[in-house]
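S.K.: Sharing a model that was predicted from the sequence below.
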Amino acid sequence: MSRFTSQLQRIQSIIESYTGETPFQHYLKNYFTKNKNAGSRDRKIIRNACYTFFRTGNMFKHFLFTEKLACSYYLCSDATDEFIQSVFDASLVQPLQNSINKSLIEKLQLLKKQYPEIDLKDLFPCYNNLSENFKNESFLFSHFNQPNVWLRVNNGFIDFVKQDLTNNKIPFEFENNIIKLQPASNATDLDSFAKGGFEVMDKSSFATTQLFEVKDNETWWDACCGAGGKTLALIDTLQSKEYKNVSIACTDIRIPILKNLKERILKTGFTKFKNQPMNAAEDQWPDGVLFNKIIVDAPCSGSGTWGRNPENLLQFDSLLLPVFSQKQSDILNNCLQCLKKNGVLYYITCSVFADENEGVINKIDKEKYSVLFSKYISGSDDGADTLYISAIKKA
């Protein structure tokens, strides 16, 4: 048995044993820990093959494993190497390898000539539930490429971070406090990260925070704060504007993540904050506490990030969509009750499903609240995630 044949069998075994219970990157890391006989080159081949396989979703659902992997490489690559060549050699799609450097549109046309049954729409689960903005080739094609890594540079650290990246020979592009790195780049080992120079934050996620209307002497609540990326971006804005009298409350149902966020906030020097466990779908603040601004970064399908986590293109359970939508409505309606008069709530998801976005906003009480704006921030053309944001004002 050749080395490549053995690798192909291992890759098939890994993919077929993956159930989606944990993110694939954690599953694969655990696999490599248990199987130390895979060298660095083998690990790279395995990782790349698995993610390539996921990137075409269910387009080739009726194909044999080797044929699906070959077709996935065909669409996701523009050149072959030894291993990719071995996949083509072992498959029935070998004649297509000579056109691997053609455009995506041309390659898809050639594939459909050989396999008329394939449909690009099968790449994305629950395609009919997509917002109309994303029922197009451009959005679907974006999943064939690994997204970029994005850094949000903190106020006063721009020159330091840029010099640190240059010194470490990490290629980058800089624009408006955001740095773009090549896919799979690792910057968290840099001295500038340890010293608080930047946070890893997707470009589109950062863009939602730039739509916040920030004033001094306000009270803010980040109701589903998670790791706190948006709170940290808000704090950076407050510090750059020298606003001294804004307070922020951060809540989440996960206590360990709140502890970590507290440490990250303290590193910024910001002190007017509190964090505590809270279920944003049910709990209310004691004594009728109300806020000027509320951020609801709602739990969602994450479908706007599936270019970064393509295993979901195969693993997502469509039955979860109405579950997410109901939970989002519960959280939104509960949090709206905590707004002061003329206060604004920012509802945010990293989903491209209308059920989780427009569908949720359309259900609010229009007599009590008005929608100031709603928009998608698409990153599909720039190797970034896609997010939705809606600003809701209390009358």
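M.R.: The structure has been received and is ready for your questions. Numbering: from 1, shown residues only.

S.K.: Would you map the helices across the stretch 201-350 of the chain?
M.R.: 203-209, 229-241, 255-268, 312-315, 320-336 (DSSP state H, counting those that start in this stretch).

S.K.: Compare these and give me the one nearest Gln94.
M.R.: helix 312-315 (24.4 Å; C-beta to C-beta). (Glycine included, C-beta is placed from N, CA and C.)

S.K.: which residues sit against the closest one?
M.R.: 18-20, 54-58, 123-125, 143, 301-303, 306 (C-beta atoms under 8 Å, 6 or more residues apart in numbering).

S.K.: how about a cut-off of 6 Å?
M.R.: Residues from elsewhere that reach helix 312-315 (C-beta atoms under 6 Å, 6 or more residues apart in numbering): 20, 54, 57, 306.

S.K.: Can you select the buried ones from these in ChimeraX?
M.R.: Listed next is the ChimeraX selection for buried residues among the contacts of helix 312-315, using 16 or more other C-beta atoms under 10 Å:
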select :54,57,306
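
S.K.: okay, the contacts of helix 312-315 in a markdown table with pLDDT next?
M.R.: Below are these laid out as a markdown table (pLDDT from 0 to 100):
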| residue | pLDDT |
| --- | --- |
| Gly20 | 92 |
| Phe54 | 98 |
| Gly57 | 98 |
| Trp306 | 98 |
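
S.K.: For the spatially most central residue of the chain, report the pLDDT, please.
M.R.: Closest residue to the average C-alpha location of the chain: Thr305 at 3.1 Å, with C-alpha atoms, centre = their mean. If you check Thr305, the pLDDT there is 98.

S.K.: any idea which element the closest residue to Ala90 other than its chain neighbours lies in?
M.R.: Distances taken as C-beta to C-beta, 6 or more residues apart in numbering place Thr66 nearest to Ala90, at 5.2 Å, with adjacent residues excluded. Assessed by DSSP states H and E, Thr66 sits inside helix 65-76.

S.K.: Got the phi and psi for the nearest residue to Tyr18 once chain neighbours are set aside?
M.R.: The shortest distance from Tyr18 to any non-neighbouring residue, by C-beta to C-beta, 6+ apart, is to Tyr27 (5.7 Å). Here the main-chain torsion angles of Tyr27 (degrees, to the nearest 10) amount to phi -60, psi -40.

S.K.: got it, and Ile253?
M.R.: Backbone phi and psi, for Ile253 under degrees, to the nearest 10, turn out to be phi -80, psi -10.

S.K.: That one reaches Asn279, doesn't it?
M.R.: Yes: using C-beta atoms under 6 Å, Ile253 is in contact with Asn279, at 5.4 Å.
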